[in-house]
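K.L.:
here is my input, please return the structure:
(one chain, ligands or ions: 2)
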Amino acid sequence: MNELAQRLNKANVGKVWLNEPLKHHTTLKIGGPADILIQPKDKEGLITAVNITKEHGIPYRVIGRGSNLLVRDGGIRGAVIKVGEGLDYLLVEDDKVTAGAGFSFIKLATMIAKQGLSGLEFAGGIPGTVGGAVYMNAGAHGSDVSRVLLSAQILFDDGELATLSNEELNFSYRTSVLQKERKGICLEATFQLEKGDREEIMKIMSQNKDYRKQTQPLQQPCCGSVFRNPKPYSAGRLIEEAGLKGFRIGDAQISTKHANFIVNLGNATARDVLALIEHIQQTIAEKYGVHMHPEVEVVGEW
Ligand SMILES: NC(=O)C1=CN([C@@H]2O[C@H](COP(=O)(O)OP(=O)(O)OC[C@H]3O[C@@H](n4cnc5c(N)ncnc54)[C@H](OP(=O)(O)O)[C@@H]3O)[C@@H](O)[C@H]2O)C=CC1
Ligand SMILES: C=C(O[C@H]1[C@H](O)[C@@H](CO)O[C@H](OP(=O)(O)OP(=O)(O)OC[C@H]2O[C@@H](n3ccc(=O)[nH]c3=O)[C@H](O)[C@@H]2O)[C@@H]1NC(C)=O)C(=O)O
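P.N.:
Ligands and ions are numbered 1, 2, ... in the order given. Purely as a prediction, here's the structure:
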């Protein structure tokens, strides 16, 4: 790993850390160390970092803000590429907006709204990066990325750099082509928006934000919705009806505010959170015969 770090530093790809605790890079504040963490300084830095890492035969994976991620306590072997600062540029051309994958999704939504562009009102409270949002077709308030995305530039694991259209990204509920069919890193995304009434757009955003503030435990370390909604049911409602609100394992607790959130009360481990996830799955399966499929991505070693 030292050798890889030296080469990456020599190539000036960006910031490089060895043995970096990932709890510093996830919103749940949980996660063991990455052997090596790379935060590319720009697109070229990212492509070079991937190539060098491949040459060393070291596996790599990508993270954004860590807002939808549960990293196990043993951490991640190999390289973790953090797409954030460095890939956080923004280009507005009339009603089209291109953002680097590291751009904050909330910041993007807010900036776009201020310019009187409509389409991203739903994203005003969604944490994470643009890249993460494309990867999982992030959504809220009845809309999602697939409704406004024109195209995204992807660096595929086989080295191909391609711009995929909305159709080619094959979006459906909280998923895209990047999750299953073809792994790759989203480098930037272009959104097609509509000119609208600035005041009206700002009003909708502020209503959405208020709703989230009232219904979600945003002041505590968490990772957003833990489970996908098992259609036609609501995960939060099922968990609440099963009497699980407030249930706790170690320092991981089912939020008393929204039952589809797990919060870290201070020193929760990934093991605590996973035990809680299993407990919820088992309880809901026994009571209602419904399988609860996690939305949060679980990665790393025990
Ligand atoms: N609706 C809501 O309220 C909430 C939504 N979210 C959404 O969850 C997503 C998490 O974003 P973020 O915190 O940045 O991501 P994370 O750091 O949580 O990464 C989660 C996974 O997303 C994939 N990923 C992240 N960035 C990229 C990229 N540039 N290219 C390809 N894949 C990527 C990786 O998958 P892999 O390892 O397979 O490559 C990674 O493991 C966002 O869409 C965020 O908006 C999160 C919380 C609440
Ligand atoms: C937080 C996320 O996204 C959220 C997004 O913020 C909100 C707001 O649009 O809508 C989804 O939540 P959600 O389906 O739980 O929406 P909510 O409106 O909070 O709840 C749905 C229904 O369940 C009920 N509910 C919710 C929580 C609870 O503890 N008890 C309960 O009864 C609510 O009263 C409501 O009638 C997204 N979650 C998923 C899995 O689709 C995320 O993806 O990480």
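
K.L.:
nearest spatial neighbour of the residue in the stretch 1-150 of the chain positioned nearest to ligand 2, skipping sequence neighbours?
P.N.:
Here the residue of the stretch 1-150 of the chain nearest ligand 2 is residue 140; by C-beta to the nearest ligand atom that distance is 3.4 Å. Quick note: C-beta positions are derived from backbone N, CA and C, even for glycine. Excluding its sequence neighbours, the residue lying closest to residue 140 (C-beta to C-beta, 6 or more residues apart in numbering) is residue 122, at 5.0 Å.

K.L.:
stretch 49-64 near ligand 1 anywhere?
P.N.:
Yes: with C-beta under 6 Å from any ligand atom as the criterion, ligand 1 is reached by stretch 49-64 at 61-64.

K.L.:
what is the nearest of those residues to ligand 1?
P.N.:
Nearest member of these to ligand 1, counting by C-beta to the nearest ligand atom, is residue 64, at 2.0 Å.

K.L.:
quick check: the gap between that closest one and residue 3.
P.N.:
Going from residue 64 to residue 3 by C-beta to C-beta, to the nearest Å gives 27 Å.

K.L.:
could you count how many residues lie near residue 248?
P.N.:
Using other C-beta atoms under 10 Å, the number of residues around residue 248 comes to 14.

K.L.:
ok, back up a step: if you count what's nearby, which of residue 64 and residue 3 comes out ahead?
P.N.:
More crowded of residue 64 and residue 3, by other C-beta under 10 Å: residue 64, with 27 against 9.

K.L.:
just checking, the more buried one touches residue 126?
P.N.:
No: using C-beta atoms under 8 Å, residue 64 is not in contact with residue 126; the gap is 11.6 Å.

K.L.:
could you give the mean pLDDT of the strand or helix carrying residue 48?
P.N.:
Residue 48 belongs to helix 43-55 when assigned by DSSP states H and E. Average pLDDT, helix 43-55: 98.
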